[in-house]
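J.: What follows is a predicted protein model with its sequence.
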Amino acid sequence: MRYGDKTAVDGLSLSVERGTITAVLGPNGAGKTTTLETCEGFRKPQSGTVRVLGLDPIAQRRELLPRIGVMLQAGGAWSGVRAVEMLRHMAALHAHPLPVELLVERLGLEECGSTPYRRLSGGQQQRLGLAMALIGRPELVFVDEPTAGMDPAARRTTWELLQELRDSGVTVVLTTHYLEEAERLADQVHVIDRGRVIASGSPFELTRSRGHATIRLVVTEPFPPDAPAGLQADLGPDTEVIAINEQSLLISGPADASTLAKVSAWCAHHGVLPESLTLGQRTLEDVFLQLTGRELEA
């Protein structure tokens with residue numbers, strides 16, 4: 001897929017197994033939204049082949065739509081429609097919808113059921129959007145930032161619901177800026193950058209250290225501009241140093257005491273005062289930073 005001179009999706013190839021939660025992650029502008037909108041039938045690919053539940057999302061759209069649910073990151077409801085009114089309308093469009101009352105209760109929409117959409121909080125809009133995506137009993141549901149704006153209790157409820165959907169045989173394709181969410185929920189993760197898949201695997205496969213540890217160095221004042229390269233040179237070629245921001249570095253290298261000692265010595269030599277220096281195994285966020293060199297920003 002190209003937009004003028006920009007190639008948004010560049011020969012990207014991935015598959016999603018039935019009955020799984022699959023997370024598609026990537027920095028802003030990586031091509032994940034275009035990829036999913038193509039799978040959902042909102043965009044026609046300029047080349048390549050797309051099949052969703054064995055169907056072409058464009059040529060066989062009428063057959064596909066009743067079998068999928070789509071939760072948009074924003075919008076999808078009229079500004080003045082009341083929350084439960086919108087959900088009842090969506091239920092009327094499906095042959096065998098889930099009970100509206102069930103979704104209202106499960107997603108905590110009782111307190112805002114008579115509130116116009118435009119007056120709902122961000123978290124309430126997200127919960128309504130998820131209910132709208134699920135009302136038709138889809139075989140496959142695309143959820144874009146499902147817990148954005150939610151409080152911790154609502155986020156946990158949403159996680160439990162997505163896991164229950166997976167356990168009942170529904171396939172879930174998830175995009176999120178919360179890497180903890182992807183690590184907790186996903187059976188499979190695809191990391192996209194510059195229009196291509198650059199890594200795939202389960203969270204365990206992607207974070208497995210194989211004798212390496214991760215050190216997070218956070219300092220009280222911004223690093224000198226050449227700090228990552230200088231520390232990299234001191235630590236040697238087996239260690240990788242990535243700047244997360246102007247006051248924190250991510251260091252990945254051999255899991256031994258000498259690496260931590262060298263980092264401390266480098267700080268002392270350069271007059272850098274650490275605020276925290278933590279050693280641990282890699283998280284999905286660490287892997288994402290190492291693969292893309294960028295934080296996943298909301």
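T.: Right, received. Where do you want to start? In this text, all values refer to a predicted model and were calculated from it rather than measured experimentally.
J.: How many residues are close by the nearest residue to residue 147 once chain neighbours are set aside?
T.: Leaving aside its sequence neighbours, residue 147 sits nearest to residue 155 (CB to CB, 6 or more residues apart in numbering; 4.3 Å). For the C-beta atoms, the positions are set from N, CA and C on the backbone; glycine is no exception. Residue 155 has 19 neighbouring residues, counting by other CB atoms under 10 Å.
J.: Check the secondary structure at residue 155 for me.
T.: Judged by DSSP: H, G, I helix; E, B strand; the rest coil, the three-state class of residue 155 is helix.
J.: what mean pLDDT would you report for stretch 15-28?
T.: For stretch 15-28, the mean pLDDT works out to 95.
J.: What of stretch 152-169?
T.: Stretch 152-169 comes out at a mean pLDDT of 94.
J.: what does that stretch contact?
T.: With contacts defined as CB atoms under 8 Å, 6 or more residues apart in numbering, stretch 152-169 is touched by 18-21, 106-108, 123, 127, 130, 134, 139, 141, 143, 146-147, 150, 172, 174, 181, 184-185, 187.
J.: Now, of those residues, which are buried?
T.: Listed as buried from the contacts of stretch 152-169 are 21, 106-108, 123, 127, 130, 134, 139, 141, 143, 146-147, 150, 172, 174, 181, 185; burial here means 16 or more other CB atoms under 10 Å.
J.: Return the subset of those lying in helices.
T.: 106, 123, 127, 130, 134, 181, 185 (DSSP state H).
J.: what's the neighbour count on residue 74?
T.: Using other CB under 10 Å, the number of residues around residue 74 comes to 11.
J.: Now for it: which residues touch it?
T.: By CB under 8 Å, 6+ apart, the neighbours of residue 74 are residue 125.
J.: Spell out the secondary structure type for it.
T.: With three-state DSSP as the basis, residue 74 sits in coil.
J.: Check the gap between it and residue 144 for me.
T.: Per CB to CB, to the nearest Å, residue 74 is found 9 Å from residue 144.
J.: cool, and residue 51?
T.: Counting by CB to CB, the gap from residue 51 to residue 144 is 21 Å.
J.: same deal with residue 152?
T.: Counting by CB to CB - residue 152 and residue 144 are separated by 20 Å.
J.: of the two, who's got more company?
T.: Higher neighbour count among residue 152 and residue 144: residue 144, with 23 against 8, using other CB under 10 Å.
J.: Bridge partners for the more buried one, pull those for me.
T.: residue 175 (DSSP bridges).
J.: who's in contact with it?
T.: Contacts of residue 144 by CB under 8 Å, 6+ apart are 33, 36, 71, 72, 73, 175.
J.: so where is the protein shaky, pLDDT-wise?
T.: 209-212, 255, 281, 294-298 (pLDDT under 70).
J.: which one is the spatially most central residue of it nearest to, not counting chain neighbours?
T.: The centre of the chain sits closest to residue 176, judged by CA atoms, centre = their mean, with a distance of 2.4 Å. The spatially closest residue to residue 176, leaving aside those adjacent along the chain, is residue 182, at 5.5 Å (CB to CB, 6+ apart).
J.: thought the one you found was touching residue 202?
T.: No: with contacts counted by CB atoms under 8 Å, residue 182 stays clear of residue 202, the gap being 11.1 Å.
J.: got any residues that touch both of these two?
T.: Here residue 182 and residue 202 have residue 189 as joint contacts, going by CB under 8 Å, 6+ apart.
J.: Neighbour count for those two, which is higher?
T.: When neighbours are counted by other CB under 10 Å, residue 182 and residue 202 differ, and residue 182 comes out ahead with 24 against 13.
J.: need the contact list for that one.
T.: Counting by CB under 8 Å, 6+ apart, residue 182 touches 23, 25, 174, 176, 189, 203, 284.
J.: just residue 120 next, same as before
T.: Residues near residue 120 by CB under 8 Å, 6+ apart: 83, 112, 128.
J.: Can you show me the strands along the stretch 51-200 of the chain?
T.: Remark: strands assigned in the stretch 51-200 of the chain by DSSP state E, counting those that start in this stretch are 68-71, 140-144, 171-175, 188-193, 196-201.
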